[in-house]
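Student: Build me a model:
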Amino acid sequence: MFSIPGKQAVTITDKAAVQIRKLMDRDGHKGLRIGVKKGGCAGMEYTMDYAADIDPHDEVVEQDGARVMIAPMAQMFLFGTRIDYQVSLLESGFKFNNPNVEDACGCGESIKFKDVNELSAEQQG
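Tutor: I've put the predicted structure just below:
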């Protein structure tokens, strides 16, 4: 598991925490599991799914009653990410402000991460 003692892997804004709590309460889930997978025009995409249970290898972040689990493979890529929930006239949804992203496609759904060695050096130094 990738982590720095005393520092949460991700932060959750107040708006995101409210929305995550609503989803947890409505459907009785343990929280949301976030991760990354190959895909999209920039190479990678975020994933977000309901979690019925907490995997012992997940990094768990809890804030104001909201719970997010980070899949083990995604922990290095998501470290330092700020999760927000935004509402506009055309859309609403979770937004990831991730310092590890090097490039993103025009629609914002697909991302490219910095080199893995570069990520490790930045996050530990």
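
Student: What segments of this structure are helices?
Tutor: In the chain, helices defined by DSSP state H lie at 14-27, 75-78, 116-124, listed in chain order.

Student: ok, R67 touching E59?
Tutor: No: between R67 and E59 there is no contact under CB atoms under 8 Å: 11.3 Å. The C-beta positions use only the backbone N, C-alpha and C, and glycine is treated the same way.

Student: Go ahead and flag the most central residue of the chain.
Tutor: With distances taken as CA atoms, centre = their mean, I34 lies nearest the centre of the chain, 5.0 Å away.

Student: What sits closest to it if chain neighbours are left out?
Tutor: Nearest non-adjacent residue to I34, counting by CB to CB, 6 or more residues apart in numbering: M48, 5.2 Å away.

Student: Please report how far the one you found lies from E59.
Tutor: 15 Å (CB to CB, to the nearest Å).

Student: Please apply the same query to R82.
Tutor: Distance, R82 to E59, by CB to CB: 15 Å.
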